[in-house]
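Novice: can you look at this prediction? I've put the sequence above it.
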Amino acid sequence: MASLFFRRRLSPAIISYKSLLHGGGEFYLLQGNMATEASFGICNCLRKFNSSTAARKVDFTDLTRPHTWYPHARKKSRNVFLHVGPTNSGKTYYALKQLESSSSGVYCGPLRLLAWEVAKRLNKSNVPCDLITGQEREEVEGARHKSITVEMADVTSDYDCAIIDEIQMIGCRTRGSSFTRALLGLAANELHLCGDAAAVPLVQEILKVTGDTIKVQYYERLSPLVPLKVPLGSFSKIRTGDCVVTFSRTEIYKMKKQIEAGGMHRCSVVYGSLPPETRTRQATMFNDASSNSDVLVASDAIGMGLNLNISRIIFSTLQKFDGVEVRDLTVPEIKQIAGRAGRYKSNFPVGEVTCLNADDLPLLHSSLDYPSPVLERAGVFPNFDLLYMYSRLHPKHGIHEILEHFMDNAKLSEHYFIANCDELLKVAAIIDTLPLSLHDKYLFCISPVEMDDDISSQGLTQFATNYSNNGLVRLREIFTPGTLKVPTSHTALKELESIHKVLDLYVWLSYRLEESFPDRELASSQKAICSMLIEEFLEGQGWQRPRTKRLTQKSRLISLISQETRQKF
Ligand SMILES: Nc1ncnc2c1ncn2[C@@H]1O[C@H](COP(=O)(O)OP(=O)(O)OP(=O)(O)O)[C@@H](O)[C@H]1O
Ligand SMILES: [Mg+2]
């Protein structure tokens, strides 16, 4: 972290000169683990950079050779294994076996929940494994393995073995570039890619220029998935092990209430804006046959790679609002979600899938029969070095203008598209009004903020403003510990979820600007309180409301933590 501060004080000329000399890997600034990957290509540009006329000729928006951005990986001839097949076919299981037997390695997952699951599994198998996500660093003594979210991939370290799970995400509009970065940048002797067969031709094309060897291994489902011919029709037919899928939180709570009103079942809920630790506990409760929750009501937050004890998936709708419009679910989305039913070695060896309404059945059936469309292009995004070098030629441009320029002018090869950065642009528009360095602006832009959530975006604005004014951001300037309460309404619940996001953002920033965001511990303990209060709300939502011993203890714990926190501050 000291290097961050060091770097902020360096003059731009020194940075470019040092990048020139070292050709990448020395500075640690970027997304995830902040590893910069100044490229051979960039280096070639930089060799000319001392001459300003030559610099002006360099086109930093040329992103046609992203494989050259990772000199460390290019020094290796990697053995790449593509494990592809339908859901629940043992792809991740096989790759993890290789990771477990390797001398050092990294698992890169698309979700925090999956990174947690893998770290837990490796540690349980006596393979010490660190957990690293944007907001967590859990280091285990003697660990030579890491389980991380893909954004955290370190492209400057050497690994014996690396896994990128759900590689088809390379085609994702927003996060695809993080998968491309890991694919091109991980310096591993063995690189295992798990996912949908739709990614095979694209990965093969992309890796033609890297000198790696590629083997493709196809997998079959380990247990059957049966599409039902009849719809569920009514919640009175809900059974233990069912998972009802719907896409808005309002609908999730409405359906939970309807199902529980029947008096036969108790529901866990999983959806995107619940704190991840709450999602895991809700899923664990549903998985645990001895708990009183036996039905799951969830959004597509359960859709990727997770192993749940689901017997039957019931789509309440096959449409979702994707932030821009209401649209039909895509074939891969339907398959991913349906694939959560009947997981191999779970309580339900045969999975079933159906819809609530008969009208949706034809689309469900045809989607399950249809192969996922082959991916044609992978996401790519300019790294900080490129943005920075470009900014040196256009010193008056703010980060918004720079990003827009890259979006409009990037040169790409036929296998790539430039990742959508609408969210970054929303932050950039606010951050540009503050007197911050490009690097700091970039950090705030890539931080995990949801700009459409008022509380979350206000939190970010406040953090950035205080940071810019004082260089120091104390959490209690915007948040009074000890004031959190169990929500009594859905509006209050939503507010608490947003407060959790702001605290999560503080923790994220504290890992990157450690001295300026010193209250990580307080933010983490308040985050834990938020999740506990949310869970208490969820427990109180049921058809029975037993004030169990566990609940009372939990309440006591909350008040203890609050007291402790109050004493501390
Ligand atoms: N050979 C095996 N022995 C025991 N359990 C296995 C084996 N193969 C897979 N499993 C178990 O089966 C379940 C599904 O496997 P896995 O998660 O690897 O599937 P996947 O193909 O990666 O699915 P998805 O596409 O949904 O991610 C997991 O719980 C896994 O632990
Ligand atoms: Mg998997």
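Specialist: Sure, I can see it. Numbering: from 1, shown residues only. Ligands and ions are numbered 1, 2, ... in the order given.
Novice: what's the burial count for the spatially closest residue to Leu329 that is not a sequence neighbour?
Specialist: Of all residues not flanking Leu329 in the chain, Leu318 sits nearest, at 5.1 Å (Cβ to Cβ, 6 or more residues apart in numbering). Where you see a C-beta, it was placed from the backbone N, CA and C, and this is true even at glycine. Applying other Cβ atoms under 10 Å, we find 22 residues neighbouring Leu318.
Novice: Leu318 touches Leu363, doesn't it?
Specialist: Yes - between Leu318 and Leu363 there is a contact at 5.4 Å, judged by Cβ atoms under 8 Å.
Novice: overlap of the contact sets of these two?
Specialist: 328, 334 (Cβ atoms under 8 Å, 6 or more residues apart in numbering).
Novice: could you report the pLDDT at the residue nearest to Leu329?
Specialist: pLDDT for Leu318: 96.
Novice: show me the contacts for it.
Specialist: By Cβ under 8 Å, 6+ apart, the neighbours of Leu318 are 328-329, 334, 355, 360, 363-364.
Novice: can you tell me how far it sits from ligand 1?
Specialist: Here Leu318 is placed at a distance of 19 Å from ligand 1 (Cβ to the nearest ligand atom, to the nearest Å).
Novice: touching ligand 2 at all, stretch 160-167?
Specialist: No - applying Cβ under 5 Å from the ion, one finds stretch 160-167 separated from ligand 2 by no less than 5.7 Å.
Novice: how about the residues of the stretch 1-150 of the chain by ligand 1?
Specialist: 87-93 (Cβ under 6 Å from any ligand atom).
Novice: rerun at 8 Å
Specialist: Within the stretch 1-150 of the chain, the residues that sit near ligand 1 (Cβ under 8 Å from any ligand atom) are 83, 85-96.
Novice: Asp130 in helix, strand or coil?
Specialist: What DSSP: H, G, I helix; E, B strand; the rest coil gives for Asp130 is strand.
Novice: give me the subset of the residues of the stretch 1-150 of the chain next to ligand 1 lying in helices.
Specialist: 91-96 (DSSP state H).
Novice: ok, and the most crowded of those residues?
Specialist: Neighbour-wise, these (other Cβ under 10 Å) top out at Lys91, 27 neighbours.
Novice: what sits against that residue?
Specialist: 83-85, 194-195, 219.
Novice: so what's the closest residue to ligand 2 within the chain up against?
Specialist: The nearest approach of the chain to ligand 2 comes at Thr92, 3.2 Å away (Cβ to the ion). Shown in contact with Thr92 (Cβ under 8 Å, 6+ apart): 83, 163, 165, 194, 305.
Novice: need the worst-confidence member of the residues you listed.
Specialist: Ranked by pLDDT, the contacts of Thr92 bottom out at Gly305, which scores 69.
Novice: what's the burial count for Leu522?
Specialist: 21.
Novice: Ile455 now?
Specialist: 17.
Novice: also Gly105?
Specialist: 26.
Novice: tell me the confidence at it?
Specialist: You'll see Gly105 listed with a pLDDT of 98.
Novice: which parts of the stretch 1-150 of the chain sit against ligand 2?
Specialist: Thr92.
Novice: and the strands in the stretch 451-569 of the chain?
Specialist: According to DSSP state E, counting those that start in this stretch, the stretch 451-569 of the chain carries no segments that qualify as strands.
Novice: where does it dip in pLDDT?
Specialist: Within the stretch 451-569 of the chain, the segments meeting pLDDT under 70 span 541-569.
Novice: ok now the helix or strand where Val297 lies, how far from the chain's centre?
Specialist: Using DSSP states H and E, Val297 sits in strand 295-298. The chain centre lies 22 Å from the centre of strand 295-298; the measure is Cα atoms, centre = their mean, to the nearest Å.
Novice: that strand pairs with which strands, and in what direction?
Specialist: Sheet pairing of strand 295-298 (DSSP bridges) gives strand 242-245 (parallel), strand 267-270 (parallel).
Novice: and the next helix or strand past that strand?
Specialist: strand 312-315.
Novice: by contact count, what packs against that next one?
Specialist: With contacts defined as 3 or more Cβ pairs under 8 Å, 6 or more residues apart in numbering; DSSP states H and E, strand 312-315 has these neighbours: strand 242-245, helix 331-338, strand 351-355.
Novice: show me the contact partners of that strand.
Specialist: Taking Cβ under 8 Å, 6+ apart as the rule, strand 312-315 contacts 228, 232, 238-239, 241-245, 334, 337-338, 340-341, 351-356, 360, 364.
Novice: residues of the stretch 201-350 of the chain that sit close to ligand 1?
Specialist: Contact residues, the stretch 201-350 of the chain versus ligand 1 (Cβ under 8 Å from any ligand atom): 219, 222, 304-307, 336, 339-340, 343-346.
Novice: any chance of the strands paired with strand 295-298 in JSON lines, with mean pLDDT too?
Specialist: What follows is the strands paired with strand 295-298, written out as JSON lines (pLDDT from 0 to 100):
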{"stretch": "strand 242-245", "mean pLDDT": "98"}
{"stretch": "strand 267-270", "mean pLDDT": "96"}
